[in-house]
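# Fold the following, please.
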Amino acid sequence: MAELINMPRLSDTMEEGTVAKWYKKVGDMVKEGDILAEIETDKATMEFEAFQEGELLHIGIEEGGTAPVDSLLAIIGDKGEDIDHIIGGTSASTAQTDESSQTPKFTEPQTEATESNEEKTAMPEGVQVITMPRLSDTMEEGTVAKWNKKVGDPVNEGDILAEIETDKATMEFESFYSGTLLYIGLEEGQSAVVDSILAAIGKEGTDIEAVKRAVRNLINLNHYEKPFHPEIGSNLRAMLFENMTPQMNALISRQIEELIQNYEPRARLVQARTIPLFDRNAYAVTINFQVVNSPEPVVVETLLERLR
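Below you'll find the model as predicted:
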């Protein structure tokens, strides 16, 4: 049965890839583990191996061609298998997508809001968040089989950070950045979906004030405000509508702790404490944590006002 091979996401910032070289041509037999092609990403040129076996029936992107992630790269199937219906369906789907994309849509106000939110939650210069990469076209989650670096270790571009188990194989995952490994989001043996926070690399002695600003912004970020990472954020604003009870107070504190643990890799959370201020219709929030590679305790105080 024919299997579609799509342009893989080989780095956390990769949006498109270029085929630098094909190692197989149409009609060649392919075994699992064979190197199919070299793919140029926005960071490096990497070998892309086959996770299927069969005959290379179709090449969707010629050498030197560039296409977005998840575009049809190749088709592997049984020897002599007819794939005209697949290629035709893909072309029709692409044409329909192109036609629909030409339909005028009024989206400027939403774009402005998006840009504002992106700026508000942008990571300070020098700190790079590494997310779980999509190492195969069918990969939905990955498991960290082994870390080759630990927090505090220097990292050079090209160093192997970890070994990641996909749904097909265990692969080495290299760093596209240089700096200090500031944070590890998944321990060995743990699994997470693609694009979850895996690690953070930055300068040793990260700017504490920048981390404090990021924590404040994160608390005020709702789900879906970041279009490329809609999972980042919380429903804290919705919780503020609820009655100010001790139970709700504890829930808000726990939500803040989980939010920072999951999405601010430079902060090691110690405690989040909320105090209801009935006269001001708000919650006073105090967050105590430590910044990675800094022994000094950090305190962030902010006010969560209930919407009237």
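# quick one, strands of the stretch 101-250 of the chain?
128-131, 141-147, 154-155, 160-165, 170-174, 179-184, 191-193, 197-202 (DSSP state E, counting those that start in this stretch).
# could you dump these to JSON lines with distance to Lys226 and mean pLDDT?
Bear in mind the C-beta positions are built from the backbone N, C-alpha and C, glycine included. Listed next are the strands of the stretch 101-250 of the chain as JSON lines, based on distance: least, CB to CB, whole Å; pLDDT from 0 to 100:
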{"stretch": "strand 128-131", "distance to Lys226": "12", "mean pLDDT": "82"}
{"stretch": "strand 141-147", "distance to Lys226": "20", "mean pLDDT": "93"}
{"stretch": "strand 154-155", "distance to Lys226": "26", "mean pLDDT": "90"}
{"stretch": "strand 160-165", "distance to Lys226": "24", "mean pLDDT": "92"}
{"stretch": "strand 170-174", "distance to Lys226": "24", "mean pLDDT": "89"}
{"stretch": "strand 179-184", "distance to Lys226": "19", "mean pLDDT": "82"}
{"stretch": "strand 191-193", "distance to Lys226": "16", "mean pLDDT": "89"}
{"stretch": "strand 197-202", "distance to Lys226": "13", "mean pLDDT": "82"}
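# May I see those strands arranged in CSV, with distance to Ala37 as well?
Below are the strands of the stretch 101-250 of the chain laid out as CSV (distance: least, CB to CB, whole Å):
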stretch, distance to Ala37
strand 128-131, 24
strand 141-147, 22
strand 154-155, 27
strand 160-165, 20
strand 170-174, 16
strand 179-184, 30
strand 191-193, 26
strand 197-202, 25
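# if I look at Phe228, how far off is Phe48?
Distance of Phe228 to Phe48, given as CB to CB, to the nearest Å: 23 Å.
# Is Ile252 part of a helix or strand, or is it coil?
helix (DSSP: H, G, I helix; E, B strand; the rest coil).
# mind checking how far it is from Tyr283?
6 Å.
# Find the residues that touch each one of those two.
With contacts defined as CB atoms under 8 Å, 6 or more residues apart in numbering, the residues shared by Ile252 and Tyr283 are 240, 274, 304.
# show me the contacts for the last one.
Applying CB under 8 Å, 6+ apart, one finds that Leu304 lies in contact with 219, 236, 240, 252, 274, 282-283, 285.
# rerun at 10 Å
Contact analysis of Leu304 by CB atoms under 10 Å, 6 or more residues apart in numbering lists 219-220, 236-237, 239-240, 252, 256, 274, 277, 282-285.
# ends of stretch 27-36, how far apart?
The straight-line separation of the ends of stretch 27-36 (CA to CA, to the nearest Å) is 13 Å.
# ok, back up a step: please say which of Phe228 and Phe48 ends up with more neighbours.
Remark: of Phe228 and Phe48, Phe48 carries more neighbours, 22 against 9, as counted by other CB atoms under 10 Å.
# my read: the more buried one touches Gly33, true?
No - using CB atoms under 10 Å, Phe48 makes no contact with Gly33, being 11.6 Å away.
# Let me have the contacts of Leu304 in TSV, adding distance to Thr41, neighbour count and pLDDT as columns.
Output for the contacts of Leu304, formatted as TSV (distance: CB to CB, whole Å; neighbours: other CB atoms under 10 Å; pLDDT from 0 to 100):
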residue	distance to Thr41	neighbour count	pLDDT
Ile219	34	22	87
Asn220	33	15	85
Leu236	36	20	85
Arg237	37	16	81
Met239	40	15	86
Leu240	42	17	84
Ile252	41	22	91
Ile256	36	26	91
Thr274	43	22	92
Leu277	50	15	91
Ala282	46	17	89
Tyr283	44	23	90
Ala284	46	14	91
Val285	40	20	92
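# Keep only those of those residues that are in helices.
Judged by DSSP state H, the subset of the contacts of Leu304 located in helices is 219, 236-237, 239, 252, 256.
# Skip the chain neighbours and tell me the closest residue to the residue most central in space within the chain.
For the chain, the residue sitting closest to the mean C-alpha position, by CA atoms, centre = their mean, is Asp195 at 2.5 Å. Leaving out its chain neighbours, the residue that sits closest to Asp195 by CB to CB, 6 or more residues apart in numbering is Thr131, at 4.8 Å.
# Next up, the contacts around that neighbour.
9, 11-13, 185, 192-199, 229.
# Weed out the non-buried ones from those residues.
Buried members of those, scored by 16 or more other CB atoms under 10 Å, are 9, 11-12, 185, 192, 194-199, 229.
# Give me the domain ranges for this structure.
Following automatic domain parsing, one finds the domains of the chain at 3-100, 125-202, 208-305.
# Go through these and pick out the most buried.
domain 125-202 (a mean of 18; mean count of other CB atoms under 10 Å).
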